[in-house]
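Peer 1: build the 3D model from these lines:
(2 chains)
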Amino acid sequence: MARIGVFICHCGSNIAGTVDIPRVVAEAQKLPMVVHAEDNEYTCSEVGQRSLREAIQEHRLNRVVIGACSPRMHENTFRNTVASAGLNPYLLEMANLREHASWVHGDQREAATVKAIDLIRAAVAKVARAQPLFARQIGVTKRALVIGGGIAGIQCALDIANAGFEVVLVERTPSIGGRMAQLDKTFPTLDCSACILTPKMVEVGQHPRIRLLTYAEVKEVRGFVGNFEADILQKARHVDHDKCLGCGICWQKCPARAPSEFDMGVGQRTAIYIPFAQAVPGKPVIDREHCRYQQYLEWQRAGAEGKKPPECRICEKLCPVGAIDWEQRDEMITEEFGAIVVATGYKTFDHSVYGEYGGGRYPDVITSLQLERLMSASGPTLGEVTRPSDGQPPKTVVFISCVGSRDDSVGRPYCSKVCCMYLAKQSIMLKEHDPEVQSYIFYIDIRAGGKNYEEFVRRAQEEAGTVYIRGRVSKTYPEKGKLIVWGEDSLMGRPVQIAADLVVLATGIEPSEGAIELAQTLHISYDVHSFLVEAHPKLRPVETMTDGVFLAGTAMGPMDIPDSVAQGSAAAAKVCGLLSKDTLALEPMVANVNAVKCVGCLLCQQVCPFKAIDTETLRDGRIVVRINEGLCKGCGLCVSACRPGAMNLRGFSNEQLLAQVKALTR
Amino acid sequence: MSYQPRIIGFLCNWCSYAGADMAGTSRMSYPPNIRIIRVPCTGRLDPLFVAKAFQEGADGVLVAGCHPGDCHYAEGNYHARRRYALLHLLLEFLGIEPERIRLEWVSASEGKRFTQLVTDFTEQVARLGPCQAVGGQS
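Peer 2: Here you go, the predicted structure:
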């Protein structure tokens, strides 16, 4: 038998000033199962809480209703209070007399009082049907998975490992380093990018608590916070990294060539390769598509028809330790983790939709990342900036900003945030490379929000003599060995025509290939542009709606290196907070299923946004569903989808909600 | 005193219930007819609850949740929207005017919008008069 106590809070004059409290208390006393009702000046105060505890003991209350402020305000406070009086904290219900009655009906004493009585009646009806709930404790696997080995992932992995936890860092390409490794200099300090990045890469490679899996991809993730299980595909490298010394003889002698991904296609690499000189690990992989021996094997498999390709195997013959392993196959590695960080980074916008800029048609129209590789001392031209068409140094360079940024017509309404700054940087760098270079930048707005950023743009204008032209380019075409760029100077209101040697497109940022598939297996949300979505844009910037999964870097949206590093560290702090616990308490207000009523239609499984519904086969062969309480968030979608009424939601059960409806429509 | 309709509001905990709280915190004012029931998500709302509310004597039902794309549970409000479309037809079949039920999106910061919504909806239901269609057992 329920013994319900009702406590009405005055909240000073906030409630008592409008609502007739004695009348509410008197009405509450008449409600079924209510054995005690009282009012307090401030129920949340020390005095109020003591009175609550004493009443629970004195009247042997086993259910409590508090008519006060919003449960979003003090539900936790009062749960703790009733728990300290020995009552299950979920046998408490709050009636929102302040936000939903007194404050919004301040001038209507009678109506507010009647409403308050109604709300109390509904709360009593609901709490009478409440069940005690218990938070289940689960263990935590004290190991983190970091997906993506760019600067955000590197920082995150290092911070977690340095805090004492094991980390597995998975990178899709043969080396960590990411986009930052491709950059020549960084704005606004003109630090050499590789110089500040490679020590961190080496630290990752040598860290006793970091296991680095390069040339690998996360394929599937199961489980829930503290207890994830991930399938990681280790692609075949055809090089045994345990034997390999990284001496480099193989990639020096390999005769096969392919466009270098790292050099954005402006340079070439061999088929057995490390992407760049400072790669970590500094051991090569064989690219099956371009390897001559693999092509030979493919030719054999296809029936040995037509011209026989060379049976190369030069790397194998030259390798001093016999590390080449043609038998190596792709391998699936399954590991357990307590927390996951997604730092999958970005790729650049495909500029071919802008036919007017001539990208792809004219060799001297390149992207900013390609220019970055041309400027890099370790790049394909060893730092000599030359025109791809004739190898001559360019003297007049036109930059076009916002290529795939701030343009709704190509589905990219957002600002890529870093372009304004790297254009300023590249124009300064070009001037440093060759004082005769004159740069022009077509821009929409100059966005230089950040420490020393505005000053840096000024430096480009004043020291490097970069000419900023506000307007868009309408046409680019070749004429007499030059590229004629037609544009508009919208500030002067007149057309501009520049005969350029080189045109550089500031291609915008978009999420990496495969970001959506990864988001789907992790069950985290992504926006219309496929950027991953944080749990709260202001207050939970590196968390996701899936507990135990965190975000860092440009997978979430455009940002620069300092922001990515900050996020990597922030995500690491969150991971460490999670992994430092031995057990986690699960929210008990989750779905539960009555296996007797379940018919196994699995509609609930289809609607569940959290993959929290598993099936099990009973001894009589019936298939019924089972709730994975670690994954269930208590949204109740399954409950309203359940046809036989087998599903219910603890804390918001059908009986409780219907009782509320009934109490309020009386 | 003029006719006072009885309105039940099912508000999702994360957006609309907080939006209603915001209206209170900002001391906005709306007609006192609405009685709010907190649900975790509009997706939790069994259409049966709405039918039951009318059967028990409610004159109007307001369902409010997070804006599309903002659902705390990622997609609960989309399910609510689909169910609502069907429920509309069912209520019409039962002889309940579709104007008596409304599904709206109210975010946690939209106290003003909530106030406006409740005011409009209360007037709308008041114009329709008492709900005659479903007497129920009582």
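Peer 1: just to check, A:V6 is in contact with A:E27?
Peer 2: No. Counting by C-beta atoms under 8 Å, A:E27 is not a contact partner of A:V6; they are 9.5 Å apart. In short, each C-beta sits where N, CA and C put it, glycine included.
Peer 1: those two: who's more crowded?
Peer 2: More crowded of A:V6 and A:E27, by other C-beta atoms under 10 Å in any protein chain shown: A:V6, with 30 against 20.
Peer 1: so what's the residue in the stretch 501-650 of chain A positioned nearest to chain B closest to, chain neighbours aside?
Peer 2: Closest approach of the stretch 501-650 of chain A to chain B (C-beta to the nearest C-beta) occurs at A:G636, with a separation of 3.0 Å. Excluding the flanking residues, the one nearest A:G636 by C-beta to C-beta, 6 or more residues apart in numbering or on different chains is B:R44, at 3.0 Å.
Peer 1: from A:L637, how far out is that neighbour?
Peer 2: 7 Å (C-beta to C-beta, to the nearest Å).
Peer 1: now for those two: what residues contact both?
Peer 2: Counting by C-beta atoms under 8 Å, 6 or more residues apart in numbering or on different chains, the shared contacts of B:R44 and A:L637 are B:G76.
Peer 1: so how many other residues sit close to the closest residue in space to A:M556 that isn't next to it in sequence?
Peer 2: Leaving out its chain neighbours, the residue that sits closest to A:M556 by C-beta to C-beta, 6+ apart is A:L532, at 5.1 Å. As a burial measure, A:L532 scores 26 neighbours (other C-beta under 10 Å).
Peer 1: which strand residues bridge A:L532?
Peer 2: Listed by DSSP bridges, the beta-bridge partners for A:L532 are A:Y526.
Peer 1: my guess is it meets A:I524, correct?
Peer 2: Yes. Judged on C-beta under 8 Å, A:L532 makes contact with A:I524 at a distance of 6.0 Å.
Peer 1: which neighbours do these two share?
Peer 2: Common neighbours of A:L532 and A:I524 (C-beta under 8 Å, 6+ apart) are A:342, A:544, A:551.
Peer 1: per-residue confidence at the first one?
Peer 2: Okay, so that is A:V342. At A:V342, the model reports a pLDDT of 98.
Peer 1: show me where the stretch 351-500 of chain A dips below the pLDDT cut-off.
Peer 2: Residue ranges of the stretch 351-500 of chain A with pLDDT under 70: none are present.
Peer 1: how about the residues of the stretch 301-450 of chain A near chain B?
Peer 2: For the stretch 301-450 of chain A, the contact set with chain B under C-beta under 8 Å from any C-beta of the partner chain is empty.
Peer 1: show me where the stretch 301-450 of chain A has helices.
Peer 2: A:314-318, A:368-375, A:419-433 (DSSP state H, counting those that start in this stretch).
Peer 1: export the ones you listed to CSV and tack on mean neighbour count?
Peer 2: Below are the helices of the stretch 301-450 of chain A laid out as CSV (neighbours: other C-beta atoms under 10 Å in any protein chain shown):
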stretch, mean neighbour count
helix A:314-318, 17
helix A:368-375, 24
helix A:419-433, 24
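Peer 1: need those helices in TSV with distance to A:R361, can you?
Peer 2: Shown next, in TSV, are the helices of the stretch 301-450 of chain A (distance: least, C-beta to C-beta, whole Å):
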stretch	distance to A:R361
helix A:314-318	37
helix A:368-375	15
helix A:419-433	22
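Peer 1: and A:E305, which of those helices is closest to it?
Peer 2: A:E305 lies closest, by C-beta to C-beta, to one member of the helices of the stretch 301-450 of chain A: helix A:314-318, at 24.9 Å.
Peer 1: contact partners for the residue nearest the centre of chain B?
Peer 2: With distances taken as C-alpha atoms, centre = their mean, B:L62 lies nearest the centre of chain B, 1.0 Å away. Shown in contact with B:L62 (C-beta under 8 Å, 6+ apart): B:7-10, B:34, B:101-102, B:104, B:117-118, B:121.
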